[in-house]
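Q: any chance you could fold what I've pasted below:
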Amino acid sequence: MKIAVAGKGGVGKSSISSCLIQFLSRKNKNILAIDADSSPHLARLLGFKEMDAIIPICEMRDMLCERSEKDGPFYRMNPRVTDIPEKFLLKKGNINLMVIGAIQVAGEGCACAENTVLKALLTALFLSPNEIVIVDLEAGVEHLGRGTISVVDHLLIVVQPYRGSIETAKKIYKLSEQLGIKQIHFIGNRIKDANDIAFLENYLGHPLLEWLPDNPCLTESERKCMTLCDTDITLSGHLSGLCERLGIAF
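A: Next up is the predicted model:
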């Protein structure tokens with residue numbers, strides 16, 4: 001199963017991605033986690049000890065340009081990427097992590113060629129057998145314009161109960177429909193009460209697939225470099241419900 005997690009910056013998509021990854025890992029599922037955010041945080045949130053030494057693939061400019069075989073304005077549209085996971089994949093138990101990142105400045109140097117390599121790599125990773133693939137996408141809607149997630153089985157749009165978050169979530173939903181993604185879901189985050197759920201569902205025009213409560217443990221877990229699942233055991237019920245609705249059997 002291939003799952004992508006999207007949303008406005010700061011709504012908690014990386015936190016939810018990491019919690020879902022950890023929850024499934026503890027259910028003995030093999031997970032391929034992909035950090036495709038321009039500000040990667042999954043390694044830290046998942047407790048990878050080597051996180052300070054990780055260089056996102058997007059920052060390996062020489063390697064990306066070499067793989068694209070860039071020659072002036074020309075470059076390969078189908079670059080060789082199959083050996084990249086073997087070289088740069090990080091492992092922790094039954095979690096494999098690939099930190100891709102995202103090109104942050106379009107039109108700089110060989111950015112178009114680099115994006116072609118990153119898109120090819122992400123597509124190749126989505127084809128990984130015998131693993132649940134979960135990708136933490138770049139915040140906002142930029143990634144949708146590149147069409148990198150058209151092959152996912154489920155897109156989870158994380159949204160908090162305020163208008164800015166809702167506006168971005170609705171844009172992501174509309175663009176995802178245009179890409180042909182069939183299963184698009186809203187996940188409420190930092191929900192305090194039933195009024196928050198009603199507010200979201202009213203303005204989104206869709207029901208929430210699942211919601212996570214406003215979490216007082218988040219600051220504590222961040223400061224102590226602990227994973228959120230280790231500091232808030234109440235999340236398991238919500239994550240179990242989410243997996244059930246996604247059709248993930250245990």
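
Q: and the closest residue to Tyr173 other than its chain neighbours, how far is that from Arg245?
A: With CB to CB, 6 or more residues apart in numbering as the criterion, Tyr173 has its nearest non-adjacent residue at 5.7 Å, and that residue is Ile184. (Glycine included, C-beta is placed from N, CA and C.) Noted for Ile184: a distance of 13 Å to Arg245, by CB to CB, to the nearest Å.

Q: those two: which is more packed in?
A: Ile184 (21 against 12; other CB atoms under 10 Å).

Q: give me phi/psi at that one?
A: Backbone torsions for Ile184, taken as degrees, to the nearest 10, come to phi -120, psi 130.

Q: per-residue confidence for the residue nearest in space to the middle of the chain?
A: For the chain, the residue nearest the mean C-alpha position is Asp136 (1.0 Å; CA atoms, centre = their mean). pLDDT recorded at Asp136 is 94.

Q: that one pairs with what?
A: In this entry, Asp136 is beta-bridged to Val5, Asp35, by DSSP bridges.

Q: surely it and Ala43 touch.
A: No: with contact defined as CB atoms under 8 Å, Asp136 does not count as touching Ala43 (10.8 Å).

Q: any residues in contact with both of those two?
A: Here Asp136 and Ala43 share the contacting residues Asp35, scored by CB atoms under 8 Å, 6 or more residues apart in numbering.

Q: which residues in this protein form strands?
A: 2-7, 31-36, 90-92, 95-99, 132-137, 154-159, 184-191, 208-213 (DSSP state E).

Q: what are the contacting residues of the longest one?
A: Contacts made with strand 184-191 from outside it, assessed by CB under 8 Å, 6+ apart, are listed as 11-12, 15-16, 154-161, 169, 173, 176-177, 196-197, 200, 204, 206-215, 242, 245.

Q: repeat that for the fifth one.
A: Residues from elsewhere that reach strand 132-137 (CB under 8 Å, 6+ apart): 1-6, 13-14, 17-18, 20-21, 24, 29-37, 41-42, 122, 125-126, 143, 149, 152, 248.

Q: of those residues, grab the buried ones for ChimeraX.
A: Entered in ChimeraX, the line below selects the buried ones among these, by 16 or more other CB atoms under 10 Å:
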select :2,3,4,5,6,13,14,17,18,20,21,24,29,31,32,33,34,35,36,37,41,42,122,125,126,143,149,152,248
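
Q: so which residues of this structure form helices?
A: 13-26, 42-45, 61-68, 84-88, 111-126, 142-145, 163-179, 194-204, 217-223, 228-231, 235-246 (DSSP state H).

Q: any idea which of those gets closest to Ile95?
A: Counting by CB to CB, Ile95 lies closest to helix 13-26 out of the helices of the chain; the figure is 5.2 Å.

Q: so how far is that closest one from its chain's centroid?
A: 10 Å (CA atoms, centre = their mean, to the nearest Å).
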